[in-house]
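J.: sequence and predicted model, in that order:
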Amino acid sequence: GAGVSQSPSNKVTEKGKDVELRCDPISGHTALYWYRQRLGQGLEFLIYFQGNSAPDKSGLPSDRFSAERTGESVSTLTIQRTQQEDSAVYLCASSVMPGPLNTEAFFGQGTRLTVV
Amino acid sequence: AQSVTQLGSHVSVSEGALVLLRCNYSSSVPPYLFWYVQYPNQGLQLLLKYTTGATLVKGINGFEAEFKKSETSFHLTKPSAHMSDAAEYFCAVSDRTGNQFYFGTGTSLTVIP
C-alpha cells in the first residue's frame, strides 16, 4: 500500500475484553514498530519487529500485551483482559530496514482505544 | 540506552515570530536524528532528519534543525511562525543499527494571531 494502514481507527471496548489491533506496513518494509501514546503524553515504545521476529519486547507493559507479525507484513497487537489504563492511541510505524541504510519511520494514523 | 529530552512541553509564539523547539539526546555514538510533527487528529509526519553530512538540515514547511555534536542537541527552528504550524512536535533518535526509535515527550506549539 501507499502508507502504513491501521485498523480499526477507533475501538471502544469493555473492561476485561480482549482486543486486536492491526497494522499493515508499507510493502517491503522489514522493520515494524508499535508505540502507545496516552493522552497528552509522548510516544511509549512497545515492541519492534525485524522481519517476523521481535528482538526487543522490552516495552510491552505486561503479559496481557502480545504481538505477532506474519509474512514480514501484517502485524497484530493483542491486549487481553483490557484495563482502563490501556486507553490510548496505538501507533504503528514501519521502516525500510534496520541497519546503516536505515531511514525514517513511517507512521500510520493510529488506533484510538477506549476501555470503558 | 539512548534518551531524548525535549525542553518545554508547551511553547507559544506569536504569528511571524521565531520558532525554537529544543531537543537534546544522550548517546555514546552520534545517532540518526529526526523531527516529526503531529497535527490534530493525524498521524506523525516526518519534518526532517539528520543522518550524515551537513549538520544543518532543512525540512518541509520552512523548518530546519542543526545537529551540534558538542552540545548533543538537535533544536528545531523556523524563522517565522504561521498559524498552520500549531501542532505537536516530537524529536526522535535512532542508533545506527536502526533497531529502535526513541522519542521525546513532545512539545505542543501554539501560534498566537
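T.: It's in.
J.: need the residues of chain B near chain A, please.
T.: B:32, B:34, B:36, B:42-46, B:49, B:51, B:90, B:92, B:94, B:96-106 (CB under 8 Å from any CB of the partner chain). C-beta: built from backbone N, CA, C; applies to glycine.
J.: what's the neighbour count on residue A:72?
T.: 18 (other CB atoms under 10 Å in any protein chain shown).
J.: what's the ChimeraX syntax to select whichever of the residues of chain B next to chain A are buried?
T.: Buried members of those can be picked out in ChimeraX with the line below, counting by 16 or more other CB atoms under 10 Å in any protein chain shown:
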select /B:32,34,36,43,44,46,49,51,90,92,94,96,98,99,100,101,102,103,104,106
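J.: which other residues reach the least confident helix or strand in chain A by mean pLDDT?
T.: Lowest by mean pLDDT, DSSP states H and E among the helices and strands of chain A is strand A:53-56, with a mean of 86. Strand A:53-56 is contacted from outside by A:47, A:48, A:67, A:69, B:99, B:100, using CB atoms under 8 Å, 6 or more residues apart in numbering or on different chains.
J.: got the phi and psi for the residue most central in space within chain A?
T.: The residue lying closest to the centre of chain A (CA atoms, centre = their mean) is residue A:34, at 3.1 Å. As for residue A:34, its main-chain torsions (degrees, to the nearest 10) stand at phi -120, psi 130.
J.: for it, which non-adjacent residue is spatially closest?
T.: residue A:46 (4.2 Å; CB to CB, 6 or more residues apart in numbering or on different chains).
J.: ok so, going back, got the confidence number for the residue nearest to the centre of chain A?
T.: Here, the pLDDT recorded for residue A:34 equals 94.
J.: and the one 5 residues further on, by the same measure?
T.: At residue A:39 the predicted local confidence, pLDDT, stands at 83.
J.: also residue A:98?
T.: So, for residue A:98, pLDDT stands at 59.
J.: do a quick rundown of the strands in chain A.
T.: A:5-7, A:10-13, A:19-24, A:31-37, A:43-50, A:53-56, A:65-69, A:75-79, A:88-95, A:106-107, A:111-115 (DSSP state E).
J.: for the ones you listed, which has the smallest mean pLDDT value?
T.: strand A:53-56 (a mean of 86).
J.: please save the CA atoms from that one in CSV.
T.: Extracted in CSV, the C-alpha atoms of strand A:53-56 (Å, rounded to 0.1, in the frame of the first residue of the first chain):
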residue,chain,number,x,y,z
SER,A,53,11.0,-11.7,14.7
ALA,A,54,10.7,-9.4,17.7
PRO,A,55,14.2,-8.9,19.0
ASP,A,56,13.0,-6.3,21.5
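J.: what about residue B:7, how many neighbours?
T.: 13.
J.: that one against residue B:22, yeah?
T.: Yes - under the criterion of CB atoms under 8 Å, residue B:7 makes contact with residue B:22 at 4.2 Å.
J.: quick one: list the elements packing against the helix-or-strand element of chain B with minimal mean pLDDT.
T.: Using mean pLDDT, DSSP H and E, strand B:101-103 stands out as the lowest-scoring helix or strand of chain B, at a mean of 84. Here strand B:101-103 touches strand A:43-50, strand B:3-5, strand B:87-94, going by 3 or more CB pairs under 8 Å, 6 or more residues apart in numbering or on different chains; DSSP states H and E.
J.: all good on my end, thank you.
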